[in-house]
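Engineer: structure, please.
(one chain, ligands or ions: 2)
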Amino acid sequence: MPLVAGVDSSTQSCKVVVRDAETGALVRQGRAPHPDGTEVDPAAWWSALAAAVDAAGGLADVAAVSVAGQQHGMVCLDEAGEVVRPALLWNDTRSAGAATELVEEAGGEPAGRRFWADAVGSVPVASFTVTKLRWLARHEPANADRVAAVCLPHDWLTWRLAGAPGLAALRTDRSDASGTGYWSPATGEYRPDLLERAFGRRPQVPIVLGPAEVAGVLSPGALPGVLDTAGLAGPARPSGEILLGAGAGDNAAAGLGVGAGPGDVVVSIGTSGTVFSVASAPTADPSGTVAGFADASGRFLPLVCTLNAARVLDAAAALLQVDLDQLSDLALSAPAGADGLVMVPYLEGERTPNRPHASGSVHGLTLRTSTPAHLARAAVEGMLCALAAGLDALAAQGAAVRRVILVGGGARSAAVRRIAAQVFACPVIVPPPGEYVADGAARQAAWLALGGAEPPSWSPAGTEEYPAEPVPAIRERYAQARERHLDRPTQG
Ligand SMILES: Nc1ncnc2c1ncn2[C@@H]1O[C@H](COP(=O)(O)OP(=O)(O)O)[C@@H](O)[C@H]1O
Ligand SMILES: O=C(CO)[C@@H](O)[C@H](O)COP(=O)(O)O
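Structural biologist: Ligands and ions are numbered 1, 2, ... in the order given. Next up is the predicted model:
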């Protein structure tokens, strides 16, 4: 009965789960918050990881650990392995102009889009690492000159857990490499020419591992107290070594965590909203709506991502001065469609559709709709309508959409779960509240610890099912409103 650990270093927090490798049973867990902002010193992720590991009772008795994390974030290291500047995160839109430039330089519309989709599976938008590197080269040349290696949040944390043993030891996995914009899921190769086109030269990049490969071993000195055996059963492996897995991007890890199969579309409502499925062949959508990522099982992960998801609920709750449970009650007390009140939730700009400079808006205000309940319902419906467009886009890329598996912090809202079955017009499955990204990382670690061609099968008990209850009028009204918005007053 070896134990394994999985980490989710996400936008808002770090979560650690310790599970039984064979059964998947949860043994211990811990979490710690991350700072706000779209630019973060990676040292803050390291402190949060240390605190979350501590809260989870340490790692001395686990056989393997895998780290999953927010995708795309640009972590630049100098020759000595020191971080050059705070990481720019996936939701930082300052590189929107760089994204446009990279598409234009590749042939403009539509040839440039086709070029990128064919080359790396995705058309770059501000989220992608390649655009952040272009931004750095243009706006901070002194910092750019110091960059010896570039990696992603999960790569950096895995490397630090291994004791930061030199830049040559940097490792990543297929899923996170596929979000850089300079690695092709179709060929499984880097495109150093595209890295150079964006950045002006070719800094070192991590070696890309397959899903069950070993990235290294946990360094005893990496985290104080991490290997303390007080109160634990002692080392899980006779050698005492704890293996480090390849890790994954957070969405790919969630796919592994919920065991997504054919006909399943996972909708994750965290800081980002994501809609994705596991596919047997790579995709290349020149419109840029569907990103053609790789998954964490050796397959592919067509994915649509919005910038505005759970935080739309946070914002609506703040506006109405209620907590999230009260927001849910309010939303469910208003009629489906909120009597025509529509919120277009571009509170952080938007990535899909590509509107980095947009702000949010509310349409359809009348005396009747000017109530807290209507606004709460409009916030939930607007966020879900944006995700429903992602379901359509995935279907257009060939995904079978038989049911939605709903995860992420936002899935804890009863209103989100019930209204999702109306907006998505298909059955919505809600696994028990949990940390599915960290669970996916733990399942990868279990794969490493136990071996085999496929990861061990773990199935969460207590799944709820919401039958499809289509209300097409909600999306029809949203479609009338979604192009009507103002640009942001200032960039921020
Ligand atoms: N009961 C709830 N109702 C609605 N939203 C919730 C609830 N509990 C947590 N959340 C939301 O979940 C979000 C965090 O989700 P999470 O998936 O952990 O995000 P991330 O992985 O991006 O850090 C927060 O914005 C929070 O508002
Ligand atoms: O950019 C993407 C996917 O392309 C985001 O999904 C990030 O990976 C951040 O995820 P969360 O922290 O919101 O879970």
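Engineer: residues contacting Leu77?
Structural biologist: Val83, Val84, Val147, Ala148, Ala149, Val150, Cys151, Trp156, Leu167 (CB atoms under 8 Å, 6 or more residues apart in numbering). Where C-beta positions appear, they are placed from N, C-alpha and C, glycine not excepted.
Engineer: measure it to Thr271 for me?
Structural biologist: As for Leu77, its distance to Thr271 is 25 Å (criterion: CB to CB, to the nearest Å).
Engineer: out of the contacts of Leu77, which are buried?
Structural biologist: Under a neighbour-count criterion of 16 or more other CB atoms under 10 Å, the subset of the contacts of Leu77 counted as buried comprises Val84, Val147, Ala149, Val150, Cys151, Trp156, Leu167.
Engineer: looking at the residues you listed, which is nearest ligand 1?
Structural biologist: Within the buried ones among the contacts of Leu77, distances to ligand 1 taken as CB to the nearest ligand atom reach their minimum at Trp156, with 17.3 Å.
Engineer: identify the residue nearest that closest one in space, chain neighbours excluded?
Structural biologist: Once its chain neighbours are removed from consideration, Trp156 has its nearest residue in Val75; the separation is 4.7 Å (CB to CB, 6 or more residues apart in numbering).
Engineer: what about that neighbour, which helix or strand?
Structural biologist: Element membership for Val75, per DSSP states H and E: strand 75-77.
Engineer: with adjacent residues omitted, what lies nearest to Leu347?
Structural biologist: With CB to CB, 6+ apart, the residue lying closest to Leu347 is Gly360, at 4.5 Å.
Engineer: could you do Pro456 as well?
Structural biologist: Closest residue to Pro456 in three dimensions, ignoring its sequence neighbours and counting by CB to CB, 6+ apart: Ala446, at 5.2 Å.
Engineer: for that neighbour, helix, strand, or coil?
Structural biologist: Taken by DSSP: H, G, I helix; E, B strand; the rest coil, the conformation at Ala446 corresponds to helix.
Engineer: how about it, what does it touch?
Structural biologist: So Ala446 contacts Pro2, Val4, Arg19, Ala21, Glu22, Gly24, Ala64, Pro455, Pro456, Trp458 (CB under 8 Å, 6+ apart).
Engineer: show the pLDDT at it.
Structural biologist: Per-residue confidence (pLDDT) for Ala446: 97.
Engineer: try Thr23
Structural biologist: Model confidence at Thr23, expressed as pLDDT, equals 95.
Engineer: quick one: the closest residue to it other than its chain neighbours from Ala446, how far?
Structural biologist: Setting aside the residues directly before and after it, Thr23 is nearest to Trp458 in space (CB to CB, 6+ apart), at 7.1 Å. Going from Trp458 to Ala446 by CB to CB gives 8 Å.
Engineer: now do the contacts for Ala411.
Structural biologist: Neighbouring residues of Ala411 by CB under 8 Å, 6+ apart: Ile269, Arg417, Val430, Pro433.
Engineer: which ones among these map onto helices?
Structural biologist: Judged by DSSP state H, those include Arg417 as members of helices.
Engineer: picking that back up, mind giving me JSON lines with the contacts of Leu77 and columns for pLDDT?
Structural biologist: Conversion of the contacts of Leu77 to JSON lines gives the following (pLDDT from 0 to 100):
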{"residue": "Val83", "pLDDT": "98"}
{"residue": "Val84", "pLDDT": "98"}
{"residue": "Val147", "pLDDT": "98"}
{"residue": "Ala148", "pLDDT": "98"}
{"residue": "Ala149", "pLDDT": "98"}
{"residue": "Val150", "pLDDT": "98"}
{"residue": "Cys151", "pLDDT": "98"}
{"residue": "Trp156", "pLDDT": "98"}
{"residue": "Leu167", "pLDDT": "98"}
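Engineer: neighbour-wise, which one of the contacts of Ala446 leads?
Structural biologist: Counting neighbours by other CB atoms under 10 Å, Val4 comes out on top of those with 33 neighbours.
Engineer: wait, that one sits on Ala445?
Structural biologist: Yes. Checked against CB atoms under 8 Å, the pair Val4 and Ala445 is within contact range at 3.8 Å.
Engineer: any residues in contact with both of those two?
Structural biologist: Ala21, Val62, Ala63, Ala64, Val65, Ser66.
Engineer: wait, the first one sits on Gly452?
Structural biologist: Same thing as Ala21. No. Contact criterion CB under 8 Å: Ala21 and Gly452 do not qualify, at 11.1 Å.
Engineer: related to what we said a few turns ago, what about the strand holding Val75, distance to the chain center?
Structural biologist: Averaging C-alpha coordinates over strand 75-77 and over its chain gives two centres that are 19 Å apart (CA atoms, centre = their mean, to the nearest Å).
Engineer: if you look at that strand, does any of it touch ligand 2?
Structural biologist: No. Applying CB under 6 Å from any ligand atom, one finds strand 75-77 out of contact with ligand 2, separated by at least 13.9 Å.
Engineer: next helix or strand past that strand?
Structural biologist: Moving toward the C-terminus from strand 75-77, the first helix or strand encountered (DSSP H and E) is strand 87-88.
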